[in-house]
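sequence unknown, structure follows:
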Ligand code: NI
């Protein structure tokens, strides 16, 4: 293994102030190709479908309906070779730079935006999906496996939004059968797009407002995402994330063996 990619002090300061960071290179080129092969294999094989680990993030996810935003949770459980490579060394190092010595790399997921039909991922804060009993200092590392552009669905962020509270959210289209969430009443007028070359990365805090557009291009947009954080702390008064309590998705039914 080589020396890890190291963030400059200005980049660490930028992340702390703005709640996101974009870097042109995290995963070496040969590893991008290797991960892309694994990625395509897992989606083609519908890996995790029966257990609720593969589902449509933006639709009602019924059998026989083409997914507009297919997602796989925890793909490294199905393909442990994803946990190998220089990019993992780079990731672990960058996470400690951003979160301190307790910062540890966590679980992964894959979000696929098929050419021409891939749906937008509406504005949201990741923490709105999580356990309302806890506060988090966590981040997501978003790695495109081809160029990511405004046209094919690169990441957008609202700088400084990680300093805000969690906004109310609802299921996309106000349909509780849809897993994906959309924020209500947030100001996104200062949003910044972050196009990236293949193997580049964005880092964003779990409260940072973010969005990706629909894929209007002729190439598939593949994003591999890895989480990281320090241990969560229990809140004295839990949040009320009612939008998760009223959700009734086909994915949950499959996970519970009711699908
Ligand atoms: Ni997100």
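Here it is on my side, so go on. Since this is a predicted model, take the numbers as computed values, not measurements.

Spell out for me which residue occupies the centre of this structure.
Most central in the chain under CA atoms, centre = their mean is residue 225, positioned 5.0 Å from the mean C-alpha point.

Report pLDDT for it.
pLDDT recorded at residue 225 is 98.

residues contacting it?
108, 109, 110, 111, 140, 141, 142, 143 (CB atoms under 8 Å, 6 or more residues apart in numbering). All C-beta atoms are positioned from the backbone trio N, CA, C, and that covers glycine.

rerun at 7 Å
The contact partners of residue 225, by CB atoms under 7 Å, 6 or more residues apart in numbering, come to 108, 109, 111, 140, 141, 142.

mind listing what the helix or strand hosting it pairs with, with the direction of each?
Here residue 225 sits within strand 221-229, counting by DSSP states H and E. Sheet pairing for strand 221-229, assigned by DSSP bridges, gives strand 104-113 (antiparallel), strand 138-144 (antiparallel).

Let's have those in CSV, adding mean pLDDT and mean neighbour count.
Shown next, in CSV, are these (pLDDT from 0 to 100; neighbours: other CB atoms under 10 Å):
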stretch, mean pLDDT, mean neighbour count
strand 104-113, 96, 19
strand 138-144, 98, 25
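
Please report how far the nearest residue to residue 200 once chain neighbours are set aside lies from residue 202.
In space, residue 200 comes closest to residue 24 once its chain neighbours are excluded; the distance is 4.8 Å by CB to CB, 6 or more residues apart in numbering. With the distance defined as CB to CB, to the nearest Å, residue 24 ends up 11 Å from residue 202.

Sticking with residue 204, tell me its helix or strand.
Secondary structure (DSSP H and E) places residue 204 in strand 201-205.

Between strand 138-144 and that strand, find me the angle.
When axes from the mean of the first three to the mean of the last three CA atoms, to 10 degrees is applied, the directions of strand 201-205 and strand 138-144 differ by 160 degrees.

Which strands or helices does strand 201-205 pack on?
strand 20-23, strand 138-144 (3 or more CB pairs under 7 Å, 6 or more residues apart in numbering; DSSP states H and E).

Which SSE is immediately downstream of the longest one?
So the one you mean is strand 138-144. strand 155-157.

Report the mean per-residue pLDDT for that next one.
Here the average pLDDT along strand 155-157 is 98.
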